[in-house]
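A.B. asks: Let's see this in three dimensions:
(one chain, ligands or ions: 3)
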Amino acid sequence: MCGIVGLVAKTPVNQMLYDGLLVLQHRGQDAAGIVTAEGPMFHMHKGQGLVRDVFRTRNMRSLLGNVGIGHVRYPTAGSASSLAESQPFYVNSPFGLVLAHNGNLTNDKQLKDEMYRTDLRHINTNSDSEALLNVLAHELSKRTNGPRLTAEIVFDAITAVHQRVRGAYAVVALVAGFGLIAFRDPHGIRPLSLGVHDTPEGPEYIVASESVALDTLGFKLMRDVAPGEALYISFEGELSSRQCHSNAKLAPCIFEHVYFARSDSVIDGISVHEARLNMGTQLADKVKAMVPALDIDVVIPIPDTSRDSALEMANELKIPYREGFIKNRYIGRTFIMPGQASRKKSVRQKLNPIAVEFRGKNVLLVDDSIVRGTTSKEIVQMVRDCGAKKVYLASAAPPVKFPHVYGIDMPTRAELIATGRTAEQIAEEIGADAVIYQELDALITACRDASQGLITEFETSCFDGNYITGDITDEYLDALEAKRLSPLSAKFKEGDPDTRVLDMNIGVAEQNLI
Ligand SMILES: O=P(O)(O)OC[C@H]1O[C@H](OP(=O)(O)OP(=O)(O)O)[C@H](O)[C@@H]1O
Ligand SMILES: NC(=O)CC[C@H](N)C(=O)O
Ligand SMILES: [Mg+2]
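C.D. replies: Ligands and ions are numbered 1, 2, ... in the order given. Purely as a prediction, here's the structure:
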């Protein structure tokens, strides 16, 4: 799950983009990049690592211009830890384009083939996002005749992009000398919000994965980009929009609400915090039915993401809520780390128990989700080592049983702890006395209620195997898993800790690879 941000402002945007990426860091920790536009010229700096490691003062100084886009990457296609696959991507024709993408395409293989055979465009990496940029470039090229770009041309090109591309995509892109483009796939699987800030010189606009970026930068949330919709904001600050898909219907990814998004964001009108509180209420009902309430002495969240649900569960169950783990704030999110070895090591580096909260008690631990079981296995053992009597584990999400193909890195069924196991077997596997999972209907109700009933459909494939784009076959999943299990990709998946960077002043002869 990557984070994207785009800005059309009246003053230099480099610092705002940096700050925007910092608050989206939870969406991707592998690489970060910014491109700004100054007249017809792009300035790019991108590299591997966290935002604070990739950008130094000297890099920031070279990111000139009042318009720009940024990206934090959590790889879901190609190889992890590849500098070449960090974003934004650039192509020089037509006009000069850069693009940042959150999501995952499900037909990138076919697109790359079309690029080679009919569009005659070169794709230099295994990234699906580079293919997406080239489809956009090709469709824009077909509709332009001379150095002129209009909103109509942009919208016609994106209509064609929707015809060719399948999967999940929330996108920001810049066209050199002209404007910023933003669009969202016809199901709105990945989030994208639009904000405005009025200045005496006219409105400034921001487009970002989560509203938290708007809040931090002082922008007002106007609305979310609609599924299938495209926005075009000229560098002068004129905003136009058009629905570019005849059959668009919102079905956002429910896992944003379970885990990915920050609780202080509002996505498609849903307060993520409220959705998580509702998940806690729903789950409490199930816990009441399964474990006699008096059998639990204390409810303890596994930080960070489960806190909202755990608190509400404790309220519902009328059992004390306590913080039982101290989180090392310098360690990132473990689930989105590439490589199982680094994930496992990081759980213990990241979370340390406060023994007194566990000793002699029956504890209900709460997590937002159990995916590979890496976190829960380590945590349950730690809690037992502290002298807990009984350890129950509740998950605010149902068992994750199917690969996610829309931008979350959980592609092999063999890696998922719930594959082929009952809740009892999972409890045994992770060493807990019982594991209590949310029902899928209850999770959907939690999110639907937080939307005041407005959103009725969610993308829930990792729980029920129903893929909203309708193009995921068993053969597709088998091929995905085979690719992931191949020795070459396994090697890449373990991650390469180097933090190389790539700088470019596109539009002049100089292109430096440092
Ligand atoms: O079963 P697993 O494969 O371990 O994955 C699930 C865990 O990973 C995530 O935590 P993470 O540390 O990524 O982030 P958080 O601090 O936001 O909870 C999630 O919140 C669960 O705790
Ligand atoms: N998580 C994402 O949104 C990933 C974007 C893109 N598929 C990549 O791998 O770089
Ligand atoms: Mg967690």
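A.B. asks: do the longest helix seen in the chain and ligand 1 meet at all?
C.D. replies: With secondary structure taken from DSSP state H, the chain has its longest helix at helix 272-290. No. Helix 272-290 lies apart from ligand 1 when judged by Cβ under 6 Å from any ligand atom; the minimum separation is 11.2 Å. For the C-beta atoms, the positions are set from N, CA and C on the backbone; glycine is no exception.
A.B. asks: So which bits of the protein are right by ligand 1?
C.D. replies: 259, 302-305, 333-336, 367-376.
A.B. asks: Among the residues you listed, which lie within strands?
C.D. replies: Residues of the residues of the chain next to ligand 1 located in strands (DSSP state E): residue 367.
A.B. asks: Buried among the residues of the chain next to ligand 1? Need that as a selection in PyMOL.
C.D. replies: In PyMOL, a selection of the buried entries from the residues of the chain next to ligand 1 looks like this (16 or more other Cβ atoms under 10 Å):
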select buried, resi 259+302+303+304+305+333+334+335+336+367+368+369+370+371+372+373+374+375+376
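A.B. asks: Tell me which residue lies farthest from the centre of this structure.
C.D. replies: Among residues of the chain, the one most distant from the C-alpha centroid is residue 360; the distance is 39.3 Å, by Cα atoms, centre = their mean.
A.B. asks: The stretch 401-514 of the chain: helices as residue ranges?
C.D. replies: 423-430, 440-450, 461-464, 474-485, 487-493 (DSSP state H, counting those that start in this stretch).
A.B. asks: Report the angle between the second one and helix 272-290.
C.D. replies: I take that to be helix 440-450. 140 degrees (axes from the mean of the first three to the mean of the last three Cα atoms, to 10 degrees).
A.B. asks: in helix 440-450, what counts as buried?
C.D. replies: Within helix 440-450, the residues scored as buried using 16+ other Cβ under 10 Å are 440, 442-444, 446-450.
A.B. asks: Excluding chain neighbours, what is closest to the closest residue to ligand 2 within the stretch 201-350 of the chain?
C.D. replies: The minimum distance from the stretch 201-350 of the chain to ligand 2, using Cβ to the nearest ligand atom, falls at residue 336 (8.4 Å). Once flanking residues are discounted, residue 336 sits nearest to residue 74: 4.8 Å by Cβ to Cβ, 6 or more residues apart in numbering.
A.B. asks: who touches the one you found in this structure?
C.D. replies: 1-2, 27-30, 336, 409 (Cβ atoms under 8 Å, 6 or more residues apart in numbering).
A.B. asks: picking that back up, for the helices of the stretch 401-514 of the chain, which one sits closest to residue 318?
C.D. replies: helix 440-450 (19.7 Å; Cβ to Cβ).
A.B. asks: on that earlier part again, which strands and helices sit next to the longest helix of the chain?
C.D. replies: helix 307-317, strand 362-367, strand 390-395, strand 434-437, helix 440-450 (3 or more Cβ pairs under 8 Å, 6 or more residues apart in numbering; DSSP states H and E).
A.B. asks: now those as CSV including distance to ligand 2?
C.D. replies: Formatted as CSV, the helices and strands packed on helix 272-290 follow (distance: least, Cβ to the nearest ligand atom, whole Å):
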stretch, distance to ligand 2
helix 307-317, 23
strand 362-367, 21
strand 390-395, 22
strand 434-437, 25
helix 440-450, 20
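A.B. asks: Would you reformat these as TSV and include mean pLDDT and distance to residue 263?
C.D. replies: Putting the helices and strands packed on helix 272-290 into TSV (pLDDT from 0 to 100; distance: least, Cβ to Cβ, whole Å) gives the following:
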stretch	mean pLDDT	distance to residue 263
helix 307-317	97	6
strand 362-367	98	14
strand 390-395	97	17
strand 434-437	96	21
helix 440-450	98	12
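A.B. asks: Among the ones you listed, which comes closest to residue 324?
C.D. replies: strand 362-367 (7.5 Å).
A.B. asks: Show residues contacting the closest one.
C.D. replies: For strand 362-367, contacts defined as Cβ under 8 Å, 6+ apart pick out 280, 283, 287, 291, 295-302, 305-306, 309-310, 313, 317, 319, 324, 375-376, 379-380, 383, 388-396, 432.
A.B. asks: Please name the residues that touch the closest residue to ligand 2 within the stretch 1-150 of the chain.
C.D. replies: Scanning the stretch 1-150 of the chain for the residue nearest ligand 2 gives residue 2, at 3.4 Å (criterion: Cβ to the nearest ligand atom). Taking Cβ under 8 Å, 6+ apart as the contact definition, residue 2 lies against 27-28, 71-74, 87, 100-103, 209, 407.
A.B. asks: Buried only: go through these for me.
C.D. replies: Neighbour counting over these (16+ other Cβ under 10 Å) leaves 27-28, 71-74, 87, 100-103, 209, 407 as the buried ones.
A.B. asks: Between those, which has the least confident prediction?
C.D. replies: Of all the buried ones among the contacts of residue 2, residue 407 carries the smallest pLDDT score, 88.
A.B. asks: close enough to count as contact, that residue and residue 73?
C.D. replies: No. Taking contacts as Cβ atoms under 8 Å, residue 407 lies outside contact range of residue 73: 11.0 Å.
A.B. asks: Without its sequence neighbours, what residue ends up closest to residue 122?
C.D. replies: residue 115 (7.6 Å).
A.B. asks: From residue 138, how far out is that neighbour?
C.D. replies: 8 Å (Cβ to Cβ, to the nearest Å).
A.B. asks: what residues are shared contacts of these two?
C.D. replies: In contact with both residue 115 and residue 138: residue 121, using Cβ under 8 Å, 6+ apart.
A.B. asks: for ligand 2, what are the nearby residues on the chain?
C.D. replies: Checking the chain against ligand 2 by Cβ under 6 Å from any ligand atom, the hits are 1-2, 73-78, 85, 101-104, 127-129, 407.
A.B. asks: Just those: which are in helices?
C.D. replies: Residues from the residues of the chain next to ligand 2 lying in helices, with DSSP H as the criterion: 128-129.
A.B. asks: Just the ones in strands from the residues of the chain next to ligand 2, please.
C.D. replies: 73, 101-104.
A.B. asks: Tell me how this protein divides into domains.
C.D. replies: The chain breaks down by the TED database into domains covering 3-250+500-512, 271-327+347-452.
A.B. asks: Pull up the distance across the shortest one, start to finish.
C.D. replies: It stands for domain 271-327+347-452. 10 Å (Cα to Cα, to the nearest Å).
A.B. asks: chain center to that domain: distance?
C.D. replies: 21 Å (Cα atoms, centre = their mean, to the nearest Å).
A.B. asks: give me the number of residues near the nearest residue to residue 103 once chain neighbours are set aside?
C.D. replies: Among residues not flanking residue 103 along the chain, residue 168 sits closest, at 3.4 Å (Cβ to Cβ, 6+ apart). Per other Cβ atoms under 10 Å, the neighbour tally for residue 168 reads 30.
A.B. asks: And for residue 204?
C.D. replies: 24.
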